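Q: Predicted model follows, preceded by the sequence.
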Amino acid sequence: MALHNTRVPPFRSLLAFRAAATHDRLADAAVALGVTESAVSHQIRQLETLLRAQLFDRTSRRLVLTETGTRYLARIDPAIRELEAATEAVLPSDGRAVVRLTLPTSMAATWLLPRLGAFEVANPDLDIQLVPTTRVIDLERDQVDIAIRYGRGNWQNVDKTFLFDDHATPVAAPGYVPDDEVNIEDVLKRSRLIVIRSIPDEWQEWAKARGLAPPDLRGALELDAIEQGLQVAEAGHGITIGRSPYIEERLSSGALVTPFGATAPSGAAFYLCLPANLPPPARTLRVKRWLLEQADASRAVLQHAKP
């Protein structure tokens with residue numbers, strides 16, 4: 001009997017496209033899949049070749065779907081979810097519940113992961129599955145239990161709980177700024193400043209809030225991620241803008257200090273969000289309570305940080 005040729009693309013290509021379509025950067029998609037950026041890019045190119053269509057607009061610095069890509073994602077995403085659900089239904093249960101948590105990638109690296117080990121020890125029957133992304137995803141559609149979101153709280157279809165305000169203040173290694181230095185503008189002129197490319201205006205915003213002239217950023221060290229900036233500052237190679245909740249652990253340990261003191265909240269904040277139309281199960285409420293406890297501890301560290 002003759003076999004008909006299938007027109008189903010390789011599943012790896014579909015997963016790579018789906019991951020890239022739900023993240024802002026290839027790096028985030030690669031982390032979600034546990035592969036390299038080049039592998040994700042190769043699979044997407046392979047899929048575009050098979051479909052004879054461009055799925056992403058490559059004139060943008062971020063991953064932006066074309067109209068064709070948007071339509072294709074809407075068709076394949078439910079099918080992939082059905083496959084995942086069918087597979088989960090067949091697999092034997094190990095007795096561990098799973099809670100899916102989405103949050104900004106930098107927050108996952110600098111704030112959540114250092115705390116996650118203690119949670120796992122205290123809750124051996126519960127797994128937190130991370131979905132790191134800067135994209136505001138639909139919790140119900142994407143079957144995510146909890147989101148930590150950054151903004152002003154104006155999201156639809158979620159129940160939100162305040163976690164902490166967004167504070168921004170320069171941070172440096174101890175001793176990088178002499179204790180007897182009082183003129184902030186002079187310090188900034190003599191220091192190497194670190195700029196995060198995704199937040200290019202944060203030095204100007206901080207200076208404006210302090211009533212200072214914007215610092216000269218020519219010659220500043222430009223990096224891609226908040227975590228990179230904190231690591232370089234911690235090594236004593238410059239001053240970066242530290243934001244809560246990313247800096248609490250380093251302030252608490254003394255790895256970083258705030259040489260110019262803290263600033264007022266920016267007006268934006270971090271919120272814990274749950275789907276508004278679904279009653280949260282007990283496992284989700286356990287994770288929510290734990291996250292609120294961690295946020296309380298982070299606020300206490302920030303309040304007691306000394307320049």
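A: Right, received. Where do you want to start?
Q: For the closest residue to H167 other than its chain neighbours, which residues are in contact?
A: Distances taken as C-beta to C-beta, 6 or more residues apart in numbering place S244 nearest to H167, at 4.5 Å, with adjacent residues excluded. All C-beta spots, glycine's among them, are computed from the backbone N, C-alpha and C. S244 makes contact with 164-167, 298-299, 302, according to C-beta atoms under 8 Å, 6 or more residues apart in numbering.
Q: do you know how far S244 is from S253?
A: 15 Å (C-beta to C-beta, to the nearest Å).
Q: same check, this time on S13
A: Taking C-beta to C-beta, one finds S13 at 44 Å from S253.
Q: Does L51 touch V8 like I think?
A: No. Applying C-beta atoms under 8 Å, one finds L51 not in contact with V8, separated by 11.7 Å.
Q: between the two, who's got more neighbours?
A: Higher neighbour count among L51 and V8: L51, with 16 against 7, using other C-beta atoms under 10 Å.
Q: ok, now how distant is that one from I80?
A: Counting by C-beta to C-beta - L51 and I80 are separated by 16 Å.
Q: At which residues are the strands of this protein located?
A: For the chain, applying DSSP state E gives strands covering 56-57, 64-65, 97-103, 126-132, 146-151, 158-165, 168-171, 193-196, 221-223, 239-243, 269-275.
Q: I'd like those strands laid out as a markdown table, including mean neighbour count.
A: Output for the strands of the chain, formatted as a markdown table (neighbours: other C-beta atoms under 10 Å):
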| stretch | mean neighbour count |
| --- | --- |
| strand 56-57 | 16 |
| strand 64-65 | 16 |
| strand 97-103 | 19 |
| strand 126-132 | 17 |
| strand 146-151 | 20 |
| strand 158-165 | 17 |
| strand 168-171 | 26 |
| strand 193-196 | 21 |
| strand 221-223 | 16 |
| strand 239-243 | 26 |
| strand 269-275 | 20 |
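Q: how about CSV for those, with distance to L33 added?
A: As requested, the strands of the chain are arranged in CSV below (distance: least, C-beta to C-beta, whole Å):
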stretch, distance to L33
strand 56-57, 16
strand 64-65, 18
strand 97-103, 15
strand 126-132, 12
strand 146-151, 20
strand 158-165, 26
strand 168-171, 32
strand 193-196, 25
strand 221-223, 24
strand 239-243, 28
strand 269-275, 24
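Q: I'd guessed L14 sits against I44; true?
A: No. Taking contacts as C-beta under 8 Å, L14 lies outside contact range of I44: 10.1 Å.
Q: Mark out where each domain of this protein begins and ends.
A: For the chain, the structural domains run 11-87, 97-164+268-304, 168-253, going by automatic domain parsing.
Q: So which of these is nearest A262?
A: domain 168-253 (5.1 Å; C-beta to C-beta).
Q: so P245 makes contact with D296?
A: No. Between P245 and D296 there is no contact under C-beta under 8 Å: 11.3 Å.
Q: where does the stretch 201-307 of the chain have low pLDDT?
A: Within the stretch 201-307 of the chain, the ranges that satisfy pLDDT under 70 run 263-266, 301-307.
Q: The stretch 1-150 of the chain too?
A: The low-confidence ranges in the stretch 1-150 of the chain, as defined by pLDDT under 70, are 1-6, 88-89, 91-95.
Q: From Y150, how far off is L130?
A: To Y150, L130 is 16 Å away according to C-beta to C-beta.
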